[in-house]
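Undergrad: Okay, predicted coordinates and the sequence, questions at the end:
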Amino acid sequence: MAVLISTSRAMGHYRLRLLAATKRLTGGDCLGAAADLHLAAMTIPATYAAIITAAGRGTRAGEGLPKQWRGLAGQSVLARSIAAFSGFPRIVVTLAPEDMARGLAELAGPVVLVAGGATRSDSVRAALESLEGSGVTHVLIHDGARPLVSPRVIDGVVAALAAGAPAAAPALPVTDALWRAADGRVTGTASREGLFRAQTPQGFALDAILAAHRAHPEGAADDVELAIRAGLPVTVTAGDEDNLKLTWPEDFARAERILGDAMDIRLGNGFDVHAFTTGDHVWLCGVKIPHDKALLGHSDADVGMHALTDAIYGALAQGDIGRHFPPSDPQWKGAESHIFLRHAAMLARQMGYEISNADVTLICERPKVGPHAGAMALRLSEIVGVEPDRVSVKATTSERLGFTGREEGIAAIATVTLVKG
Ligand SMILES: Nc1ccn([C@@H]2O[C@H](COP(=O)(O)OP(=O)(O)OP(=O)(O)O)[C@@H](O)[C@H]2O)c(=O)n1
Ligand SMILES: C[C@](O)(CO)[C@H](O)COP(=O)(O)O
């Protein structure tokens with residue numbers, strides 16, 4: 001299925017600013033010497049198209065939105081990847097069927113959306129097939145999860161194709177020593193001679209790469225691998241250390257650093273109170289403590305967890321628990337409060353922040369918190385996904401003064417630090 005957003009676009013002028021060093025790669029071997037391509041300026045031919053793959057689920061990147069939809073210095077990852085190819089006359093984006101509505105709403109510009117498949121190869125094949133018979137002669141296939149691709153890297157691939165290569169792709173030579181290891185121990189070494197780290201965009205003559213995909217429906221990690229299986233010679237062009245693929249949660253922080261974002265530190269505070277009612281236990285910071293009363297609330301009334309949740313929302317300037325989980329909504333009646341805290345922590349990550357530390361103070365005469373404080377800090381650290389030594393839970397009485405002193409309820413205050421960059 002192809003969803004056409006728009007067909008009108010001005011033909012972009014695309015300047016080659018580099019002297020691209022190229023090498024020819026066949027069947028994994030690097031052959032031939034570097035050849036400088038001296039190209040002063042060039043327009044992307046009207047028969048070239050870019051395919052941006054974005055139908056994956058980003059499972060390795062952690063909880064939250066699939067990585068291509070997350071924000072990176074104020075713009076979504078996918079929007080950045082697409083923008084890098086804005087000089088191309090035609091851009092096809094593969095999306096998971098369930099992401100189509102988001103794609104239509106969020107992706108600006110003249111892009112065609114194509115439903116991807118179960119694997120990257122399936123998605124690419126669907127995009128290639130959508131271009132069959134369209135007059136497109138060459139495609140550059142790029143991971144939507146590589147938003148920092150530079151014009152220099154794209155130029156290198158285009159230049160190699162324009163010079164007649166049927167296939168070309170950027171890569172970086174392996175510079176570190178290579179080891180084998182098992183169970184945390186080095187068991188041997190391997191030669192790095194002739195090894196390269198593959199990047200995208202990978203460029204091809206459309207007919208050749210479509211035939212390679214059809215001949216190898218079993219798929220592969222990337223399109224160069226399929227091209228090689230089909231016997232196509234592949235030219236290696238200059239890769240770039242900054243052209244990282246966002247794969248793991250920490251890759252986002254690295255990408256933000258590369259984008260030059262200054263470090264952003266945010267503090268948030270939260271305060272909550274719950275009244276006592278009849279019962280035989282209370283939930284405090286995720287730990288069930290036997291008591292001669294219970295805390296009254298719409299949810300499980302975990303006052304400490306609520307204060308911490310609000311501290312995170314506060315640091316993000318994203319309101320409070322009530323905004324995200326309205327007490328008027330019956331589905332949150334009796335809800336376990338870790339649902340709220342997890343949501344706040346996930347929102348922080350989606351907005352590019354790490355939780356640096358959190359500090360919760362419970363204010364009550366009874367139950368005695370001290371014996372449980374360690375378990376509480378551990379539970380909170382598990383829920384927000386930080387090391388236990390970054391979370392503190394402590395308690396104080398109010399010297400028998402006020403509502404906490406009269407044992408009418410428990411209050412909690414929390415402070416959190418969020419760091420981006
Ligand atoms: N069925 C798929 C799987 C992946 N991709 C895209 O291919 C690129 C590279 O794949 P990868 O980093 O493996 O992405 P995911 O499959 O999303 O990640 P993970 O394996 O962690 O789930 C990503 O832009 C991804 O969206 C795709 O279009 N269709
Ligand atoms: C295509 C690719 O980005 C080349 O490096 C890579 O093979 C795809 O990602 P994965 O992490 O191997 O799934």
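TA: Sure, I can see it. Ligands and ions are numbered 1, 2, ... in the order given.

Undergrad: Any chance of the backbone angles for the closest residue to ligand 1 within the chain?
TA: Using CB to the nearest ligand atom, the single residue of the chain nearest to ligand 1 is residue 56, 2.1 Å away. Just so you know, the C-beta spots here come from the backbone N, C-alpha and C atoms, and that holds for glycine as well. Geometry field for residue 56 lists phi and psi as phi -80, psi 170, criterion degrees, to the nearest 10.

Undergrad: so who does residue 217 touch?
TA: Applying CB atoms under 8 Å, 6 or more residues apart in numbering, one finds that residue 217 lies in contact with residue 125.

Undergrad: what's the pLDDT at it?
TA: At residue 217, the predicted lDDT confidence score is 95.

Undergrad: Likewise for the one 5 residues further on?
TA: Predicted confidence (pLDDT) at residue 222: the value is 97.

Undergrad: what about residue 198, neighbour count?
TA: Other residues near residue 198 come to 19 when the count uses other CB atoms under 10 Å.

Undergrad: In this structure it contacts residue 224, no?
TA: Yes: in this structure residue 198 lies within contact range of residue 224 using CB atoms under 8 Å: 6.3 Å.

Undergrad: Can you check which residues contact both of these two?
TA: residue 169.

Undergrad: List the buried residues in the strand ranked longest in the chain.
TA: Across the chain, the longest stretch assigned as strand under DSSP state E is strand 264-277. By neighbour count on 16 or more other CB atoms under 10 Å, the buried set for strand 264-277 is 266, 268, 270, 272, 273, 274, 276.

Undergrad: Am I right that the first one is in contact with residue 313?
TA: No: because the distance of 11.2 Å does not satisfy CB under 8 Å, residue 266 is recorded as not touching residue 313.

Undergrad: Any chance of JSON lines for the buried residues of strand 264-277, columns pLDDT and distance to residue 109?
TA: Compiled in JSON lines, the buried residues of strand 264-277 are given as follows (pLDDT from 0 to 100; distance: CB to CB, whole Å):
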{"residue": "266", "pLDDT": "95", "distance to residue 109": "32"}
{"residue": "268", "pLDDT": "98", "distance to residue 109": "36"}
{"residue": "270", "pLDDT": "98", "distance to residue 109": "41"}
{"residue": "272", "pLDDT": "98", "distance to residue 109": "45"}
{"residue": "273", "pLDDT": "98", "distance to residue 109": "50"}
{"residue": "274", "pLDDT": "97", "distance to residue 109": "50"}
{"residue": "276", "pLDDT": "98", "distance to residue 109": "58"}
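
Undergrad: who's in contact with the closest residue to residue 335 other than its chain neighbours?
TA: Counting by CB to CB, 6 or more residues apart in numbering, residue 299 is the residue found nearest to residue 335 once chain neighbours are left out, at 4.4 Å. Listed by CB under 8 Å, 6+ apart, the contact partners of residue 299 are 306, 325, 332, 333, 334, 335, 336, 337, 340.

Undergrad: Which ones among those lie within helices?
TA: Secondary structure assignment by DSSP state H places 306, 340 of those in helices.

Undergrad: Isn't residue 143 up against residue 50?
TA: No: assessed by CB under 8 Å, residue 143 is found out of contact with residue 50, at 11.6 Å.

Undergrad: Looking at those two, which is more packed in?
TA: Just comparing residue 143 and residue 50: by other CB under 10 Å the higher neighbour count belongs to residue 50, 27 against 23.

Undergrad: beta partners of the residue of the stretch 51-200 of the chain found nearest ligand 2?
TA: Sorted by distance to ligand 2 under CB to the nearest ligand atom, the residues of the stretch 51-200 of the chain start with residue 198, at 4.1 Å. Using DSSP bridges, the beta-bridge partners of residue 198 come out as residue 171.

Undergrad: so what's it up against?
TA: When contacts are counted by CB under 8 Å, 6+ apart, residue 198 touches 169, 171, 221, 222, 224.

Undergrad: now with 10 Å?
TA: Residue 198 makes contact with 25, 169-172, 221-225, 234, 236, 239, 245 under the criterion CB atoms under 10 Å, 6 or more residues apart in numbering.

Undergrad: just residue 406 next, same as before
TA: Going by CB under 10 Å, 6+ apart, residue 406 touches 276, 365, 398, 400.
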